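In: mind looking at a prediction? Sequence and model below.
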Amino acid sequence: EPFAEDRITVKFDKRMDASDFCVNVLPAEILPQLPGSFGGFRMMQVVVAAADLEISGGVGVYFGTRGRIVGVSEADPARLLIKFDSRADGHDSRVAVLSHEVVDPGPHAGGFRIAQRVRARHDLMQEQRVLVEKGGGGVVLRPYNRLRLTVKFDARADGSDLPVNVVPTEIEAAE
């Protein structure tokens, strides 16, 4: 029978087969999702730390460490609970983070991932000034938008310490 009493009809925001149809599921097959205030993150989504995360006065989780969203903090409902694959401080507990402290690991523009080592394919210029010399290494910090990435280069030719927003054709994987 197509609509058994033990099933729930669900209209998913996005389906793998791109269909707009509803699906009849068992309650055990679905998870409650996060409210929109969490920036579109989903329960059980894989994320990475967007920066070194400080815990009790020291680095608890390093930038780029993968984790999975496992819930919302009961102590602070504005924070997500993340189970990171590893922790710098040796602990194994979940970490309560604000939504801007984690990011989708990618791939993002050009197929690059957060924390991926890259190098400049040519001199990166701003008007007549060289920002980064060809071959200069760096790390992808975050997507700038859907077409550009923000990269923190190890050294800039102009002496600045600021990251640079690049299009994927300006960089290549360093490994």
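Out: Arrived safely.
In: which stretches in the chain count as helices?
Out: Read by DSSP state H, the chain holds no helices at all.
In: pull the residues that contact stretch 82-98.
Out: Stretch 82-98 is contacted by residues 47, 49, 52-53, 55-56, 58-62, 65-71, 73, 75-76, 78-81, 102 when judged by CB atoms under 8 Å, 6 or more residues apart in numbering. All C-beta atoms are positioned from the backbone trio N, CA, C, and that covers glycine.
In: kindly export it (C-alpha atoms) in CSV.
Out: Output of stretch 82-98 as CSV, limited to C-alpha atoms (Å, rounded to 0.1, in the frame of the first residue of the first chain):
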residue,chain,number,x,y,z
ILE,A,82,30.5,19.7,16.6
LYS,A,83,32.2,16.3,17.0
PHE,A,84,35.7,17.0,15.5
ASP,A,85,37.8,14.2,14.1
SER,A,86,40.6,15.2,16.3
ARG,A,87,41.4,17.9,18.9
ALA,A,88,44.6,19.8,19.5
ASP,A,89,44.1,19.6,23.2
GLY,A,90,43.7,15.8,23.2
HIS,A,91,40.1,15.8,24.5
ASP,A,92,37.4,13.8,22.7
SER,A,93,34.3,15.8,23.7
ARG,A,94,32.1,17.8,21.4
VAL,A,95,32.7,21.5,20.9
ALA,A,96,30.0,24.2,21.0
VAL,A,97,30.7,26.8,18.3
LEU,A,98,29.1,29.7,16.7
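In: any regions of the protein where pLDDT drops low?
Out: 1-4 (pLDDT under 70).
In: what about stretch 93-106, how long is it end to end?
Out: Start-to-end span of stretch 93-106 (CA to CA, to the nearest Å) is 25 Å.
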